[in-house]
Every structure is written in structure tokens, then in C-alpha cells.
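**Student:** Predicted model, plus sequence, below.
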Amino acid sequence: MAQIRQKANISLDVWFEVIDHFLYDRSTLLASALTCSAWLPRARVHLYSSVALYKPETYRLFSRTIAGSPSLGALVKELELDVNTIQFKLWNDPSEADVLFPIEAARNLTGLHSLSLSNDSHHYIHPNVLDFIPRFAIATSLTKLLISDFGGRSPKTIIRILEHFPHIREFTLDGYFSKDDSYDPTETLPSDFCKNLRKLILIDNVLVAPFLAVMPDHITHLWLGRCFLIHGPTDPKVSYTDLARFKKLESLTLQTHHLDGIDWVAEALSHARCDELRSLTLVYQCECRRTCRTTIAQQHTEISRLAGIILRRPAFRQLQTLSVSVDADLDANLEKGLEDVDDATELKRRHMRGLDDVLRGCRDREIQVEIEVNVYRRKSLPRGYNPATCVSI
């Protein structure tokens, strides 16, 4: 008598865990969505949670989808837009904005938390594009805004965008390449300008001062990165005097590079007036290429100088945690003979011991000191190839 096969009775929750495992595997998620109707809702959660639009066609297809389905629009948590690809569409015909992403579609982004605007070409942003961006401000659930690689004639380009997003709590400006400091920080701004902003991140920007001057002083978390600016006779002076405005800072991060040194970091620390500061992070990056000539001792001397400022400044009396992160390039040591170090373990040990010594004064003042050393080396690549990529050891 033939045996009757019984189907395995696997709980739907188990299948959901399997689907969750392929969170970043788009092809598998698409296959799961087509497998059975019971899997479709779970697969959609991951497919729509993070969306990146890089071409005009994808703008139109995606906006059409969520305009007709509010439930799908509500699944979108992160949205990344490359505005350069639509710039040519909007340049001559502003009405194209309603074709690319109509207001009805933006209104259905009821669960949106993060919006990223990038301009990969670094080209000047046309005013019609600036008029297109505010339609996403209708998503009042939005808490994070990131703008990267925007070029402009004035910081007003960025400030004009921010005027439409009073509800965001975190703003990141990464790579704003402009040398025009003609913007008047005393210019009247809307009363609700960035009223909920608590975290400000400024990374790799040519101009810093105008944004420190206009951002609300109730910010509690501030991150300042290196300033990409080759100083010439006509370049604006980099200034951190307005850092004194932020008296409610609870955490401050300063990220520098061995090519830039620490002079600007020392200046920034000298202007700090944040008596409520609890956490300070110093990040010292070392680019993994043959131009690196900074020795271990030089790096430790520079960090010791910063530690001295921290101990002397009244603004840091309430400091509880000091985090120091240093990048170390093993190949630079091997090629240049900077130190008698021939392996990653020894290089890391030398850094840890030296940093522990220069930061002992902070520990004596009962500041919790956290030290992180990342040792990198370039990959072995064919001769003539530029080894821009490095690996962490």
C-alpha cells in the first residue's frame, strides 16, 4: 500500500524569520514576494523600507506606485534621491516635477524617517531643483536629512532647503563645495527654522562658519569634520568662533586628517563654551597612501596638545567621556621607515601605549578615556595600479 506523504507544517513565523535574514538581498526578497501571498507583506516591508532613486524613470515608476497605494508609501523609512539625474528634466520645464514625483505620492510617505539628497556630479544645482525638493517636507514623520556633494554660489542654497524642514532632528551636510561666504548670517529666517534640530553633522565642507552662525543654538550633538579647502589669497577664512553659540552641547566630535593637522581642532576647542558637555570624541585619520609621513610620536604629540586644551578649558569641567580614535598605516611605516615597526600587532601596541601615556592626565581627572586604534594596509595590487583601497587589520 502506497504511503501518503504529509506536507511539513512550518509556522509562518519561521518563514518570516527566513525572509528577514535576506534583508539586504533584493533578488531573494523579490522571489519571496512572488512565492506566495502569505509571504508578500513581509517581503514588501523590506523591499520598500529603503529606496534609492537614481534615474528619472525610477522616480516616475516609484512615485506612481505609492501614489496609488498609501499602504506601500507608509513602508518607506529611508529615501535616497540623486537630484543630478533629474536636473536636466527640470531645467527647462519645472512642471516635470509633477511627473517625476507628484505631491500626492509624497503625501503617502507617512512613515519616512530619513531623506538623503545627493549630487554625484558636484554640478551647480539649478533653482528648479531647489523648488522640487520641498515637496518631500510634507512627510512630517521625517527626522533625518542628509545633503551631500551639493555645489552652490552661496550657503543660502542649503539654508533655503532647510527652511522647509523645521521638523527634522538630525541634519548632515557632507561635501558642500562653495567658496562664497557672502551669505549674511543676520538675515531673517523663519521663526520655526530647524526648531526641532538636535544633531548637526558638518563633514568635508569648504565653508563651515555660515552654518555654525545660523543653526539654532539648542543643538545638543555636534560633529565637525575636516574642511576641504586649499587656502589661496581669495579664499574665505575658516572660522570656528560661532562654536561658542552652542552652550547646550552634550556631545562633540571633531574629525581631522594627518594632512590637515590639528590646528583647526585646537581652535575649535578654544571657542567651545558648552558647560554641559559630557562626551568628546577626537578622530585622527591617516590616509593610506605614500604621502603619509606622520610618525607615531608626531601623532601622539598632537593629541597630547589637544588633551592639554581639554584639561585647561573651563568648558570641559563636566566632561565624563573622552574617546580618541586613530588610524595607523602599516605600509607607510614599512616603506618610509618611520618607526621600527614591522607588523600590525606591534604598531597597534605602540599606539595604544603612547596614547595611554599622553591621556593619563585626563584619567587623573576621572574622565573615562576610550582609545581605539585602527591599523590599515594597502591591498597588494598590480604594478601601476593606484591602491586607493585599504583593508583593516
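**Tutor:** Cool, got the structure.
**Student:** Any regions of the stretch 101-250 of the chain where pLDDT drops low?
**Tutor:** Residues of the stretch 101-250 of the chain meeting the criterion pLDDT under 70: 121-123, 151-153, 177-182, 185, 228-237.
**Student:** quick one: the strands in it?
**Tutor:** 114-118, 144-148, 170-174, 199-203, 221-224 (DSSP state E, counting those that start in this stretch).
**Student:** what does the second one rub up against?
**Tutor:** Right, the one you point to is strand 144-148. Identification of contacts with strand 144-148 by CB atoms under 8 Å, 6 or more residues apart in numbering yields 113-119, 158, 161-162, 165, 168-176. From N, CA and C alone the C-beta is placed, and that goes for glycine too.
**Student:** which stretch among the strands of the stretch 101-250 of the chain comes nearest Leu243?
**Tutor:** For the strands of the stretch 101-250 of the chain, distance to Leu243 was read as CB to CB. The smallest value, 7.9 Å, belongs to strand 221-224.
**Student:** Give me the nearest residue to Arg245, chain neighbours excluded.
**Tutor:** Asp217 (4.6 Å; CB to CB, 6 or more residues apart in numbering).
**Student:** and the one you found, how far is that from Gln318?
**Tutor:** Noted for Asp217: a distance of 18 Å to Gln318, by CB to CB, to the nearest Å.
**Student:** Just give me how far whatever helix or strand Leu355 lives in sits from the chain centre.
**Tutor:** Per DSSP states H and E, Leu355 falls inside helix 344-358. For helix 344-358, the distance between its averaged C-alpha position and the chain's averaged C-alpha position is 28 Å (CA atoms, centre = their mean, to the nearest Å).
**Student:** can you give me the angle the longest helix anywhere in the chain makes with helix 344-358?
**Tutor:** For the chain, the longest helix by residue count, based on DSSP state H, is helix 296-312. With axes from the mean of the first three to the mean of the last three CA atoms, to 10 degrees as the basis, helix 296-312 and helix 344-358 are set at 30 degrees to each other.
**Student:** Residues contacting helix 296-312, please?
**Tutor:** The contact list for helix 296-312, computed with CB under 8 Å, 6+ apart, reads 258, 261-262, 265-266, 269-270, 280, 282, 284, 286, 316, 319, 322, 324, 326, 328, 338-339, 341, 347, 350-351, 354-355, 357-359, 361-362, 365.
**Student:** The residues you listed in helices, which ones?
**Tutor:** Among the contacts of helix 296-312, the residues falling in helices (DSSP H) are 265-266, 269-270, 347, 350-351, 354-355, 357-358, 361-362.
**Student:** Now restrict those residues to buried residues only.
**Tutor:** Among the ones in helices among the contacts of helix 296-312, those that count as buried by neighbour count (16 or more other CB atoms under 10 Å) are 265-266, 269, 347, 350-351, 354-355, 358, 362.
**Student:** can you list these in TSV and add distance to Ile303?
**Tutor:** As requested, those are exported to TSV (distance: CB to CB, whole Å):
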residue	distance to Ile303
Val265	10
Ala266	11
Leu269	12
Leu347	16
Arg350	14
His351	10
Gly354	9
Leu355	7
Val358	6
Cys362	11
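**Student:** Same list (those residues) but as JSON lines, adding pLDDT.
**Tutor:** Output for those, formatted as JSON lines (pLDDT from 0 to 100):
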{"residue": "Val265", "pLDDT": "90"}
{"residue": "Ala266", "pLDDT": "90"}
{"residue": "Leu269", "pLDDT": "92"}
{"residue": "Leu347", "pLDDT": "75"}
{"residue": "Arg350", "pLDDT": "82"}
{"residue": "His351", "pLDDT": "83"}
{"residue": "Gly354", "pLDDT": "88"}
{"residue": "Leu355", "pLDDT": "90"}
{"residue": "Val358", "pLDDT": "90"}
{"residue": "Cys362", "pLDDT": "93"}
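**Student:** Between those, which sits nearest Thr65?
**Tutor:** For those, with Thr65 as the reference and CB to CB as the criterion, the closest is Val265, at 47.1 Å.
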